[in-house]
Structure formats: C-alpha cells, structure tokens
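S.K.: Quick one, structure for this:
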Amino acid sequence: DVPLYHKGYAKDPSAVAAAAINHATEEGNDVVLVDTAGRMQNNVPLMKALSKLVVENQPDLVLFVCEALVGNDGMDQLHMFNKALRTGGHSRQIDGIVLTKFDTVSDKVGAALTMTHITGAPVVFVGTGQKYNHLKKLSVQSVIKSLFA
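M.R.: I've put the predicted structure just below:
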C-alpha cells in the first residue's frame with residue numbers, strides 16, 4: 001500500500017509538494033512521487049507553476065510523461081516542458097522520459113528515439129496499461145527489432 005497525500009484542487013502545487021515531502025519525512029518515507037496532473041505545454045500559468053515547483057522543492061528526478069501516440073507533437077511538448085523548467089531562473093532539464101500507451105504504437109517508435117536523442121535523457125519507463133505494474137522498462141532490443149522489421 002502506498003500512502004496518498006493530497007490537498008484537493010485549486011491549490012499551489014509547489015506548496016502541496018513541499019507539504020507532502022515534509023509529511024513523508026515525518027512518516028519515515030524517503031521517496032515522494034509528485035504528479036503534476038497534466039500540464040499542457042501551451043498553458044503558461046500551469047507551466048510557470050511547474051517551474052516554481054521544481055525551483056522550490058528541488059526534486060532529485062524530473063520525468064517528462066508523454067503519450068507514445070503523439071509522434072512528432074511529442075517533441076514540441078518536450079521542448080516547451082524543458083523551456084518551462086528553465087523559466088524559473090535555473091538550468092534544470094528533464095532527467096528521463098515516461099512514454100504511456102506504448103503498447104499501442106507497434107512499430108512506430110521513432111518519437112521515443114528522437115526524444116532521447118534531443119534531450120540525452122533516457123526513456124525510463126513505458127506504460128503498457130492502466131495499472132502501476134504496467135510500467136515497464138524499455139526493451140531496447142524490441143525497439144531495434146521493430147525498426148528493422
């Protein structure tokens with residue numbers, strides 16, 4: 001069982017993240033996963049809130065989550081996400097990529113390769129379903145096989 005810390009909607013995400021980190025520390029937990037709940041890359045207030053969250057809470061790891069189905073639009077999303085991270089006056093970039101709906105893209109893995117190439121950040125997980133155990137490590141051999149099939 002993983003405890004869930006929440007404060008409801010319309011709250012400052014950075015303050016909620018800080019409170020969650022403090023609560024986790026008090027409870028003896030050393031890992032906190034902060035989900036920013038769908039930041040649309042062209043929504044300036046949401047992206048500023050993301051930058052503020054990163055600046056104020058200094059996470060150990062920042063992951064960009066994207067649907068594998070979006071293709072080249074994913075590159076635009078990734079670029080704007082990284083740009084938003086930099087707007088807080090720091091040079092922080094993403095540390096890794098999570099591609100959801102990876103089980104639906106069959107041989108269309110070009111977006112995964114391009115995102116990794118552009119950022120230098122690895123694909124940390126791919127989502128293949130709706131549950132936590134559907135997060136899998138990317139099989140590089142499967143990607144190479146699908147490219148040359």
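S.K.: When you work out contacts or count neighbours from here on, use the C-alpha atoms and nothing else.
M.R.: Noted.
S.K.: low pLDDT regions in the protein?
M.R.: Applying pLDDT under 70 to the chain picks out residues 1, 37-42, 105-109, 146, 149.
S.K.: ok, 80 please
M.R.: With pLDDT under 80 as the threshold, the chain has low-confidence stretches at 1-2, 8-10, 36-44, 69-72, 87-91, 103-113, 132, 139-140, 142-149.
S.K.: ranges for the helices of it?
M.R.: Ranges of helices in the chain, per DSSP state H, are 13-26, 44-57, 73-86, 110-119, 140-148.
S.K.: With mean neighbour count and distance to residue 126 added, can I get those helices in a markdown table?
M.R.: A markdown table is the format used below for these (neighbours: other C-alpha atoms under 10 Å; distance: least, C-alpha to C-alpha, whole Å):
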| stretch | mean neighbour count | distance to residue 126 |
| --- | --- | --- |
| helix 13-26 | 17 | 24 |
| helix 44-57 | 18 | 22 |
| helix 73-86 | 18 | 15 |
| helix 110-119 | 16 | 10 |
| helix 140-148 | 11 | 11 |
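S.K.: Distance to residue 100 for these - can I get that in TSV?
M.R.: Converted to TSV, the helices of the chain look like this (distance: least, C-alpha to C-alpha, whole Å):
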stretch	distance to residue 100
helix 13-26	23
helix 44-57	20
helix 73-86	12
helix 110-119	11
helix 140-148	15
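S.K.: Please name whichever of those is nearest to residue 103.
M.R.: Distances from residue 103 to each of the helices of the chain were compared using C-alpha to C-alpha; the minimum, 11.7 Å, belongs to helix 140-148.
S.K.: Kindly provide the distance from the residue lying closest to residue 30 once chain neighbours are set aside to residue 137.
M.R.: Spatially, and ignoring its direct neighbours in sequence, residue 30 is nearest to residue 24 (6.8 Å; C-alpha to C-alpha, 6 or more residues apart in numbering). Using C-alpha to C-alpha, to the nearest Å, we find residue 24 at a distance of 26 Å from residue 137.
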